[in-house]
Each structure stands twice: as structure tokens, then as C-alpha cells.
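Q: how does the following fold in three dimensions:
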Amino acid sequence: MSDLLRRKQPGKIQRSQTVVPKNTFNIKELETVKENVPETVTTPAPKTATVSNLVAEKSTTVRVNMTTKSKLNALVTLGIAPNVDEVTDLLINDYLTNILTKDERKQFEIILGLYKKKMK
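A: Coordinates of the predicted model:
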């Protein structure tokens, strides 16, 4: 405790010179640059076959084996989809349309509806 009382207080902070930016932004200059740039016609890129109908949903985690994780990441690396979420959407939709029967699809839709109501 006595060491704290005898210790010298640190010196005051010395301020350096004010920094001035080399270039400043002016809205009028921006408008003149826009007027001088010729307009180019851009064609929209063709839409890819991704299934991203979900808009700003909350994300969650799912526990899978390391081999399953590696397989999903390999599909993303191949370019099947931009991320693992869309790969799983594609796989689930493909399974629903090609493998499940009509009755099983109906049951799936009912159960999915229950889960959606539970989340709200």
C-alpha cells in the first residue's frame, strides 16, 4: 500500500498536431463526375438454379458427422451452391420430389407446418 502512495504519477498526455486529410469530399464534384461518365447498357446475368426462397431467416446449428460436413463442403467447392445451407436445400428438395411418395410428401408438409407454427 505504501508503494502506491510513494509511486510517481504518470505525466500528462501530450497531444500531437491535428491531422488534416489530403483530399476532402465534396458532393458537387461527385455530381459532375456522374454526368461525365457515359451510361453503359448492362444485361442482367441469368439466374442460377439455386433455391434461396428464404428471406433473412435466423440461422442455427445442426450436428453432423465430420464426413458429412466434408461432403457438404466438397459440394460447395464444386460449385453446386454458394453455401452449405443452399446445398442442403437442394438435396432436401430433390429427395422430396424424386424419392418420397405423395402421401409421404403430404405428411412432410404437415410436419413442416407444425414446426413453422412452433417457431412463431
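
Q: contacts and neighbour counts: CA atoms only from here.
A: Will do.

Q: remind me which residues of this protein are low pLDDT?
A: Along the chain, segments meeting pLDDT under 70 span 1-2, 4, 31-56.

Q: switch the cut-off to 80
A: 1-11, 13, 25-57, 120 (pLDDT under 80).

Q: go through it and flag its longest helix.
A: Longest helix in the chain, counting residues (DSSP state H): helix 102-119.

Q: which parts of it are buried?
A: By 16 or more other C-alpha atoms under 10 Å, helix 102-119 has no buried positions at all.

Q: give me the contacts around it.
A: residue 96 (C-alpha atoms under 8 Å, 6 or more residues apart in numbering).

Q: for that helix, list the C-alpha coordinates in PDB.
A: C-alpha atoms of helix 102-119 as PDB (Å, rounded to 0.1, in the frame of the first residue of the first chain):
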ATOM      1  CA  LYS A 102     -47.400 -38.300 -52.500                       C
ATOM      2  CA  ASP A 103     -48.500 -39.500 -49.000                       C
ATOM      3  CA  GLU A 104     -45.100 -39.100 -47.500                       C
ATOM      4  CA  ARG A 105     -44.800 -35.600 -49.100                       C
ATOM      5  CA  LYS A 106     -48.200 -34.700 -47.600                       C
ATOM      6  CA  GLN A 107     -47.000 -35.900 -44.200                       C
ATOM      7  CA  PHE A 108     -43.800 -33.900 -44.600                       C
ATOM      8  CA  GLU A 109     -45.700 -30.700 -45.400                       C
ATOM      9  CA  ILE A 110     -48.000 -31.200 -42.300                       C
ATOM     10  CA  ILE A 111     -45.000 -31.800 -40.000                       C
ATOM     11  CA  LEU A 112     -43.100 -28.800 -41.500                       C
ATOM     12  CA  GLY A 113     -46.100 -26.600 -41.000                       C
ATOM     13  CA  LEU A 114     -46.200 -27.700 -37.300                       C
ATOM     14  CA  TYR A 115     -42.600 -26.800 -36.900                       C
ATOM     15  CA  LYS A 116     -43.100 -23.400 -38.500                       C
ATOM     16  CA  LYS A 117     -46.000 -22.600 -36.200                       C
ATOM     17  CA  LYS A 118     -43.900 -23.700 -33.200                       C
ATOM     18  CA  MET A 119     -41.100 -21.200 -34.300                       C
END
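
Q: much appreciated, bye for now.
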